[in-house]
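[1] Okay, predicted coordinates and the sequence, questions at the end:
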Amino acid sequence: QVQLVESGGGLVQAGDSLRLSCAASGRTSSSYAKAWFRRAPGKEREFVAAISGSTGTTDYADSVKGRFTMSRDNAKNTVYLQMNTLKPEDTAVYYCGAARGILLRSSYYYPNKYDYWGQGTQVTVSS
């Protein structure tokens with residue numbers, strides 16, 4: 001079993017930055033693909049960013065490209081989401097997910113491809 005714990009959310013103003021962390025514990029492996037999703041009030045969970053477990057390459061939703069950066073520290077079993085130039089529409093609960101098997105890039109965008117989830121961290125961006 002793998003446990004994921006997100007942290008780093010908060011209330012900020014538009015244009016500010018935040019860095020989210022997702023620490024993994026349990027039977028985890030740095031080879032697991034990991035991703036960030038978010039859910040805004042009244043909306044479905046949507047893909048934000050992912051990082052390949054094997055290569056470390058990243059992929060982003062168009063809405064965050066150029067503003068958000070996902071990275072990882074394998075020694076700490078932790079992934080990060082650096083969020084810059086935040087906008088009110090970034091307001092959501094942000095969730096970290098991990099996939100046990102090899103995840104094709106085309107599958108990054110689908111929540112049901114991930115086996116483990118954290119409890120989420122709230123990000124609120126005021127205008």
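    Now that the structure is in, tell me what you want to look at.

[2] Disregarding flanking residues, what is the spatial nearest neighbour of the spatially most central residue of the chain?
    Central residue check for the chain by CA atoms, centre = their mean: the C-alpha nearest the mean position is that of Trp36, 1.9 Å away. Counting by CB to CB, 6 or more residues apart in numbering, the nearest residue to Trp36 once its immediate chain neighbours are dropped is Val48, at 4.2 Å. (Glycine included, C-beta is placed from N, CA and C.)

[3] What helices and strands are in contact with the helix or strand that contains that neighbour?
    When secondary structure is defined using DSSP states H and E, the element that contains Val48 is strand 46-51. Strand 46-51 sits against strand 33-39, strand 58-60, strand 68-73, strand 78-83, with contacts defined as 3 or more CB pairs under 8 Å, 6 or more residues apart in numbering; DSSP states H and E.

[4] Now with 10 Å, please.
    Using 3 or more CB pairs under 10 Å, 6 or more residues apart in numbering; DSSP states H and E as the contact test, the elements touching strand 46-51 are strand 33-39, strand 58-60, strand 68-73, strand 78-83, strand 92-99.

[5] Can you lay out the ones you listed as a markdown table showing mean pLDDT?
    A markdown table is the format used below for the helices and strands packed on strand 46-51 (pLDDT from 0 to 100):
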| stretch | mean pLDDT |
| --- | --- |
| strand 33-39 | 97 |
| strand 58-60 | 96 |
| strand 68-73 | 96 |
| strand 78-83 | 97 |
| strand 92-99 | 97 |
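
[6] Which one, of these, ends up nearest to Val123?
    Nearest to Val123 among the helices and strands packed on strand 46-51 is strand 92-99; the distance by CB to CB comes to 5.6 Å.

[7] Distance from that closest one to the middle of the chain?
    Between the mean C-alpha location of strand 92-99 and the chain-wide mean there is a distance of 5 Å, by CA atoms, centre = their mean, to the nearest Å.

[8] now do stretch 20-27
    Its chain's C-alpha centre and that of stretch 20-27 lie 11 Å apart, by CA atoms, centre = their mean.

[9] average model confidence for that stretch?
    Throughout stretch 20-27, pLDDT has a mean value of 91.
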